[in-house]
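>>> With the sequence up front, the predicted model follows.
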Amino acid sequence: MPIDIQMEEIAQTYLIPWGLKIAYAAAILLIGLLITRILIRLVRKLLAKSGADEILVNFIASIAKAILLLFVFVASLDQLGVDTTSLVALLGAAGLAVGLALQGSLQNFAAGVMLVLFRPFKTGDFVEAGGTSGIVEQITIFSTLMRTGDNREVIIPNGAIYGGTITNYSARATRRIDMVFGIGYDDDMKKAKDVIWQVLKADDRILADPEPVVAVGELADSSVNFVVRPWVASGDYWPVTFDLNEKIKASFDTEGISIPYPQMDLHVNSPE
């Protein structure tokens, strides 16, 4: 048989059919990726318009993207003639094996679902969870992204967050500042109390309701300790704390009120 006839038969039997299959599979893959991108954008827009929290939007979009991409790849392989029924069964068995091997990852996934459903915090909240304090930026399928006060990016497994104590400092509109100022036993307590009240009343950020507390909290070894507990908006907590420390100290100095500090008396016995 002439070579040109053999090449024509090979082309008609193998090259052309497989070339078409590969072309169709590539087209399905590219079109599927494009449709997936469009659908994910549409999901994000619909959820955003419904008023859903950004954390919920990102979480649902991540899961939807993974599912859509799986369908696209299976459809592409089916076009190539791969037995997708067996492939799905194989993926299921592999998934079970991987699931048993990666129980921690599944725990993190389940914890992520619980965090999204019960929403102990939202994007932008300052929380303490998983041994880290910072601002929540994103919850992914397996982990949560937080930004610390010194601008470090910390990624915490969802299981470590949901399985522990979560303190949300941004959940309430107001917070109470707890401070202690000590004066000497020889100082005028009434005068010191009036000085503290003057500093508190001069700061507009301190709320009138609930009313601040200024009281003698302890008669310590070397000082009379005043507890000072003003209420402020949550966002003003640290600025007001820093300002009160500075202003009360400066006012005490101006009024001649001492702030005791630990001292040690050293007695030296000289030999006779």
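Arrived safely, thanks for sending.

>>> State whether L33 and F71 are indeed in contact, as I suppose.
No. Contact criterion Cβ atoms under 8 Å: L33 and F71 do not qualify, at 11.4 Å. Heads up, the C-betas are built off the backbone N, CA and C, glycines and all.

>>> neighbour-wise, which of those two wins?
Under the neighbour definition other Cβ atoms under 10 Å, L33 and F71 were set side by side, and L33 has more, 15 against 11.

>>> Give me the residue ranges of the stretch 151-272 of the chain where confidence is low.
262-268, 270-272 (pLDDT under 70).

>>> would you list every one of the helices in it?
Per DSSP state H, counting those that start in this stretch, the stretch 151-272 of the chain carries helices over the ranges 158-162, 189-201, 237-255.

>>> Not counting its own residues, what contacts the shortest one?
With Cβ atoms under 8 Å, 6 or more residues apart in numbering as the contact definition, helix 158-162 has outside contacts at 104, 107-112, 114-115, 129-131, 139, 142-144.

>>> Apply 10 Å and report the result again.
Helix 158-162 has contacts (Cβ atoms under 10 Å, 6 or more residues apart in numbering) with 104-116, 118, 120-121, 127, 129-132, 136, 139-144, 146.

>>> can you give me the strands for this structure?
With DSSP state E as the criterion, the chain has strands at 126-129, 132-139, 143-147, 153-157, 167-168, 174-176, 179-183, 213-219, 224-229, 231-233.

>>> Let me have those in CSV, adding mean neighbour count and distance to A48 as columns.
Below are the strands of the chain laid out as CSV (neighbours: other Cβ atoms under 10 Å; distance: least, Cβ to Cβ, whole Å):
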stretch, mean neighbour count, distance to A48
strand 126-129, 20, 23
strand 132-139, 20, 15
strand 143-147, 21, 19
strand 153-157, 15, 24
strand 167-168, 14, 23
strand 174-176, 15, 29
strand 179-183, 18, 42
strand 213-219, 14, 43
strand 224-229, 18, 40
strand 231-233, 18, 27
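
>>> who wins for proximity to Y261 among the ones you listed?
strand 179-183 (8.8 Å; Cβ to Cβ).

>>> From the chain's centroid, how far away is that closest one?
Relative to its chain's centre, strand 179-183 lies at 34 Å (Cα atoms, centre = their mean, to the nearest Å).

>>> One more: stretch 198-217?
Distance, centroid of stretch 198-217 to centroid of chain: 32 Å (Cα atoms, centre = their mean).

>>> Now the terminal residues of it, how far apart.
End-to-end distance for stretch 198-217: 19 Å, by Cα to Cα, to the nearest Å.

>>> can you check stretch 206-221 too?
31 Å.

>>> Then stretch 174-186?
36 Å.

>>> Stretch 225-233 too?
End-to-end for stretch 225-233, by Cα to Cα: 26 Å.

>>> what's next to stretch 170-179, contact-wise?
Stretch 170-179 is contacted from outside by 120-122, 124-127, 135-136, 169, 196, 206-207, 209-210, 212-214, 226-238, 240-241, 244-245, 248, using Cβ under 10 Å, 6+ apart.
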